[in-house]
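Asker: coords please:
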Amino acid sequence: MRRIVFQAFAAGPVLRAALLLLAVLLAGCGSLPAMKQMAPTTAPPVDPQAPLAKIVAASTPPGEHSGFRLMPLGEYSLQARIDLAERAQRTLDVQYYVIANDGAGWLLLRALKQAAERGVRVRLLVDDLYTANTGHLLLALNNIPNAEVRLFNPFCCARGSLPGRFAASAFDLERLNHRMHNKLFIADGVMAVAGGRNIADEYFTLNTAQNFVDMDALVVGKVVDQLSGIFDEYWNSEEVYPVTAVVQPDRDREQQVARFTREVDMESRARKLSLPPSDVLGYGPIGEELDAGRLGLLWGRANAVADPPAKLRFMSADGAYAASVTSRFWMRLLEAESEIVLTTPYLVPGDRGMSAIAELRQRGVNVTLVTNSLAANDEPLVHSGYARYRERLLKEGVDLYELSPARTRSGRLGMFGNSLGRLHAKTAVVDQRRMFIGSVNLDPRSATQNTELGIMVDSPQLAREMLRIIKISRLESAYRLRLAGDGSLEWLAVDGEKEVILRTEPESTWFQRLYKDLVGPLVPEHLL
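Answerer: Numbering: from 1, shown residues only. This is a model prediction of the structure:
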């Protein structure tokens, strides 16, 4: 996961002062436009005669609420978005924290451009944190008829690099620490893809160095109406600006589109997704089922929730938490009667989370947590925050597992090859009946800074499938933690038929351990 982290500002007053001085000296500093021309739009009524709507109708048994297809394979998940974009006839509503200037980003942007060119209304909403390398592409897409691009909580100036943006906005960090972490793709108001994946190569096992173990779901039915309402709320919020109000063009409109064609259309043609015949659940690519006019789905009652776009703008930290998806997520976990199984790449439970876990354990609820090891974590300072709680979690009787970056190469959850594997899925299963999937990490940033989106589904069949996927990660790709007799930590792994016991952070380098132990304690937990 790519995330904004202000640990540097917390760790050193000298660094903060230097950045403030640099901001004063920087030329071209400014502010966001005081007025913005942005016509509000909403999702239109669903056309039951549209091809995707007909497929949903043909696939829905009488009386069912919402249908789901879990997508643990990155290749399937990216292709699902492309398939839906190619088949949409009326609308595409797309919302992401990251759309990278790489193969995955090119494939999606090309599909959106082609949809707009054939008359589909395309609304693309992107968080502005990581747009330094994609701003020109987003501006060019906005120039295509029927396409409109907006940015969430944008930076005002020095937009060519992330360090420059922060330096030029040193007096506005409180606002800029509020990011939109949602991930959502809706086609014709009837089919959606939601979950944990951003749009970048590493989320779809296309990166040669490192890839994420992640999870999305194809969604149809009544919950898609809720997702459309959530998108509309963000699209029309005060935190959102038209890309044209923020990104300054460096060439005329025709040249922008020509550049988009060269960079996106031509590059993406050379990118061919290699789709395995089936995934670990036995499903094939959804394109084949879309062609056949009927989808095989699992059904249940579902509810989608999201943080308010203005999270923190008019709220204290306590108020932001009370309104958060994180708070509602913990409330649902506390309803558990027998078992919770949860995956999160970043686990910093805090006092609230530890109190909830203690309450669950006192009632005899089994709690299993799967997160990243230090070697697998792309945010070592966040890992240091998690490390503060490991002994307490184990003493509470939690079954705790940490993903190995090397042991994910078995291929059952994606073709990782020789790349490192990192957990990024945010999922939970309660009492083998209710399933959660979304963008929420169990850390302070998700709770009180970022906006998040999640879906809770009551479906024993879907819960069983999610448990099957988590079990593969837990048994084949993770270390189990326990307390040794002297109270120190031990990591257990199975090598063939032999159990291996390790007493230091497995697969980590001395520098990773030093950084975690020396720098980590300096960072206040609320900034993790």
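Asker: most centrally placed residue in the chain?
Answerer: G196 (3.4 Å; CA atoms, centre = their mean).
Asker: now R433: closest residue in space that isn't a chain neighbour?
Answerer: P460 (5.0 Å; CB to CB, 6 or more residues apart in numbering). In this view, the C-beta of every residue, glycine as well, is placed from N, C-alpha and C.
Asker: all helices of the stretch 401-528 of the chain, in order?
Answerer: For the stretch 401-528 of the chain, helices defined by DSSP state H, counting those that start in this stretch occupy the ranges 444-448, 460-477, 510-518.
Asker: worst mean pLDDT among those?
Answerer: Of all the helices of the stretch 401-528 of the chain, the minimum mean pLDDT falls on helix 510-518 (a mean of 88).
Asker: and that one, what does it pack onto?
Answerer: Counting contacts by 3 or more CB pairs under 8 Å, 6 or more residues apart in numbering; DSSP states H and E, helix 510-518 packs against helix 380-387.
Asker: what's the angle from the helix it packs on to helix 510-518?
Answerer: Using axes from the mean of the first three to the mean of the last three CA atoms, to 10 degrees, the direction of helix 380-387 lies 60 degrees away from that of helix 510-518.
Asker: tell me the most buried of the helices of the stretch 401-528 of the chain?
Answerer: Mean neighbour count (mean count of other CB atoms under 10 Å) peaks for helix 444-448 among these, with a mean of 25.
Asker: and that one, how far from the chain's centre?
Answerer: On the basis of CA atoms, centre = their mean, to the nearest Å, helix 444-448 sits 14 Å off its chain's mean C-alpha point.
Asker: over to stretch 55-68?
Answerer: Worked out by CA atoms, centre = their mean, stretch 55-68 lies 26 Å from the chain centre.
Asker: just the endpoints, please. Distance across it?
Answerer: End-to-end span of stretch 55-68 (CA to CA, to the nearest Å): 14 Å.
Asker: and the contacts of it?
Answerer: If you take CB atoms under 8 Å, 6 or more residues apart in numbering as the criterion, stretch 55-68 is touched by 48, 190-191, 217-224, 290, 293-302, 457, 459, 462.
Asker: same check, this time on stretch 239-249
Answerer: For stretch 239-249, using CB under 8 Å, 6+ apart, the contacting residues are 32-33, 36-38, 125, 128, 131, 135-136, 138-139, 142, 148-156, 159, 178, 180, 234, 256, 309-310, 313.
Asker: any regions of the stretch 251-400 of the chain where pLDDT drops low?
Answerer: Scanning the stretch 251-400 of the chain with the threshold set as pLDDT under 70 gives 267-270.
Asker: tell me where it has helices.
Answerer: 253-260, 266-269, 286-292, 317-322, 325-333, 350-362, 380-387, 390-395.
Asker: number of residues surrounding the nearest residue to E499 once chain neighbours are set aside?
Answerer: Spatially, and ignoring its direct neighbours in sequence, E499 is nearest to L492 (6.2 Å; CB to CB, 6+ apart). By the criterion of other CB atoms under 10 Å, L492 has 15 neighbours.
Asker: next one: stretch 254-267 to chain centre, how far?
Answerer: Worked out by CA atoms, centre = their mean, stretch 254-267 lies 28 Å from the chain centre.
Asker: in it, which residues are buried?
Answerer: Q256, V257, R259, F260, E263, V264, E267 (16 or more other CB atoms under 10 Å).
Asker: these into a markdown table, with extra columns for distance to P405?
Answerer: Listed next are the buried residues of stretch 254-267 as a markdown table, based on distance: CB to CB, whole Å:
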| residue | distance to P405 |
| --- | --- |
| Q256 | 40 |
| V257 | 41 |
| R259 | 37 |
| F260 | 36 |
| E263 | 32 |
| V264 | 31 |
| E267 | 29 |
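Asker: next, the spatially closest residue to P145 that is not a sequence neighbour: secondary structure please.
Answerer: In space, and not counting its chain neighbours, P145 is closest to A116: 6.6 Å by CB to CB, 6+ apart. What DSSP: H, G, I helix; E, B strand; the rest coil gives for A116 is helix.
Asker: quick revisit: out of the helices of the stretch 251-400 of the chain, deepest packed?
Answerer: helix 380-387 (a mean of 24).
Asker: which strands and helices sit next to that helix?
Answerer: Short answer (3+ CB pairs under 8 Å, 6+ apart): helix 380-387 packs on helix 510-518.
Asker: contacts for the helix it packs on?
Answerer: So helix 510-518 is in contact with L374, A375, P380, L381, H383, S384, A387, T504, E505, going by CB under 8 Å, 6+ apart.
Asker: how far away is the third one from L369?
Answerer: In this view, P380 and L369 are 19 Å apart by CB to CB, to the nearest Å.
Asker: relative orientation of the longest strand along the chain and helix 460-477 in degrees?
Answerer: If you go by DSSP state E, the chain has its longest strand at strand 298-306. Inter-element angle recorded for strand 298-306 and helix 460-477: 80 degrees (by the same axes, to 10 degrees).
Asker: which residues does strand 298-306 contact?
Answerer: 61, 64-69, 182, 194, 219, 221-223, 226-227, 230, 233-234, 325, 328, 451-459, 461-462, 465.
Asker: buried subset of the residues you listed, written for ChimeraX?
Answerer: Selection of buried members from the contacts of strand 298-306 for ChimeraX, criterion 16+ other CB under 10 Å:
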select :64,65,66,67,68,69,182,194,219,221,223,226,227,230,234,325,328,451,452,453,454,455,456,457,458,459,462,465
